[in-house]
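# here is a sequence together with a model predicted from it:
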Amino acid sequence: MNTTFPQLLLQHAAERPTAAALREKEYGIWQSHSWAGLARLVEHVAAGLHQAGLQRNEHMVVIGANRPRLYATMLAAQSLGAIPIPLYQDAVGAECIFPLNNADVRFCVVEDQEQVDKLLEIREQCPQISHIYFDNPRGLRKYAEEGLDSLDALIAAGTSFATQNPTWFKTEVAKVQPGDVAAMFFTSGTTGNPKGVVHTHSTLLDRASAGAEFDKLTHSEEVLAYLPPAWIGQNIFSYAQWLACGYVVNCPESASTVTIDLKEVGPTYYFAPPRIFEGLLTSVMIRMEDAGTLKRKMFHACMAVAQRVGPALMDGEPVGLLDRIQYAVGNLLVYGPLRNNLGFSRVRVAYTAGEAIGPDLFTFYRSIGVNLKQLYGSTETAVFVCLQPDNQARADTVGIPIRGVEIKVAANGEILVKS
């Protein structure tokens, strides 16, 4: 795609200014951020970072959960030609030292007190850190560390600058080219130190749009962003594809409210590693064991029909009339209420990746009418290498190569991927 993340933001803000871009649950209530409102926020954060001295091609670390203002901060850095590096919010301080020093990071934007404490603890080992901004001020009122300030203060300074220089932001965004570096992701570093994987605007957006084409994603999708933004998978689904398609990303209140928020949002496009799907199924089975005899018998009878007929119906294969009727009854009594209870009543496409999923688990979701599929990718390939078409989802494959991917098997059995 011959465009950049900030240009796509401005495009959505111009075409659909009042449409929701992001929603965040706060104190139990969903708050919406429109595309126009988000573009304004990004402009003000960018102006604040510019005044604070963030340079083009400089790295900036972002640590926290999925929060609209942290998304805005990454977009603001990209608008200035700087490079955001999301780090895992559950990493201990010592694990952050290598990426911070390796990328020579001066600017850090973090979510809350926990992340501030982590950076202050390792500041001696990372002496180049000069600015730390926090989103949530709770517990930080009496901190007087040099270079520590709130995102609110940065935005206030940026708002003043942007008001005095109304054309500045669009001029900065126009300077950013598709071939410029957009982000860096540190891999887990299983065999040594983590490795920084560099991606440009065009590499991330090309893969994001190839995935969107494959599954016919539009701006009307709803996504729940609950996995770490530092993981390339979450970043593609809730950032790159979000800006490529213009759909709505919903940020849960906290890790403990994700299952409730999932039911409230009812996403149409969903992604989770196998362990999440396993946890959801386990909770269903535990509840069924506690149910009355009649309910339990009805559940098991309907599930027997689902496992026999459901996958074939999902794949568009011919199914006998009696089986169709039995499945329709099961859908009315069990599968429909079950999908609703899991938060999957509106899911059009669900993906799992990261590790192999058990065949029984995979079949269970497809049998109750959830279009669960597998994909294969890596940080280096910006995720999308192989995906499963709607009518070819199998537990023992990861699908077919998508647009722009070539795969070959080397003489020693190693799989080579070019994308």
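Structure received. Numbering: from 1, shown residues only.

# where does pLDDT dip in the stretch 51-200 of the chain?
189-190 (pLDDT under 70).

# how does it look with 80?
Applying pLDDT under 80 to the stretch 51-200 of the chain flags the ranges 188-192.

# can you tell me the SS state at the residue lying farthest from the centre of the chain?
Most distant from the centre of the chain: Leu322, at 41.6 Å, with distances by Cα atoms, centre = their mean. For Leu322, the assignment made with DSSP: H, G, I helix; E, B strand; the rest coil gives helix.

# measure it to Val305 for me?
10 Å (Cβ to Cβ, to the nearest Å). From N, CA and C alone the C-beta is placed, and that goes for glycine too.

# shared neighbours, those two?
When Cβ atoms under 8 Å, 6 or more residues apart in numbering defines a contact, no residue borders Leu322 and Val305 alike.

# residues touching stretch 21-40, excluding its own?
With Cβ under 8 Å, 6+ apart, stretch 21-40 has contacts from 9-10, 12-13, 16-20, 41, 67-68, 71-72, 75, 242, 246, 248-253, 257, 261, 264-265.

# from those residues, which land in strands?
Members of these lying in strands (criterion: DSSP state E): Ala20, Val248, Val249, Asn250, Cys251.

# burial measure for the residue lying closest to Ala291 once chain neighbours are set aside, as a count.
Once flanking residues are discounted, Ala291 sits nearest to Phe299: 7.2 Å by Cβ to Cβ, 6 or more residues apart in numbering. Phe299 has 19 neighbours, counted by other Cβ atoms under 10 Å.

# and the helix or strand where Phe299 lies, what other elements does it pack with?
Per DSSP states H and E, Phe299 falls inside helix 293-314. Counting contacts by 3 or more Cβ pairs under 8 Å, 6 or more residues apart in numbering; DSSP states H and E, helix 293-314 is packed against helix 274-289, helix 321-330, helix 359-367.

# following element in sequence after the second one, please.
Past helix 321-330, further along toward the C-terminus, the next helix or strand under DSSP H and E is helix 336-342.

# can you list the strands that the following helix or strand past that next one pairs with?
Once helix 336-342 ends, the next helix or strand along the chain (criterion: DSSP H and E) is strand 349-352. Strand 349-352 has the following strand partners under DSSP bridges: strand 269-271 (parallel), strand 372-376 (parallel).

# give the buried residues for strand 349-352.
Val349, Ala350, Tyr351, Thr352 (16 or more other Cβ atoms under 10 Å).

# can you check stretch 214-227 too?
Phe214, Asp215, Leu217, Glu221, Glu222, Val223, Leu224, Ala225, Tyr226, Leu227.

# now stretch 48-63
Along stretch 48-63, these residues count as buried under the neighbour rule (16+ other Cβ under 10 Å): Gly48, Leu49, His50, Ala52, Leu54, Glu58, His59, Met60, Val61, Val62, Ile63.

# and for stretch 181-190?
Here stretch 181-190 shows Val181, Ala182, Ala183, Met184, Phe185, Phe186 as buried, counting by 16+ other Cβ under 10 Å.
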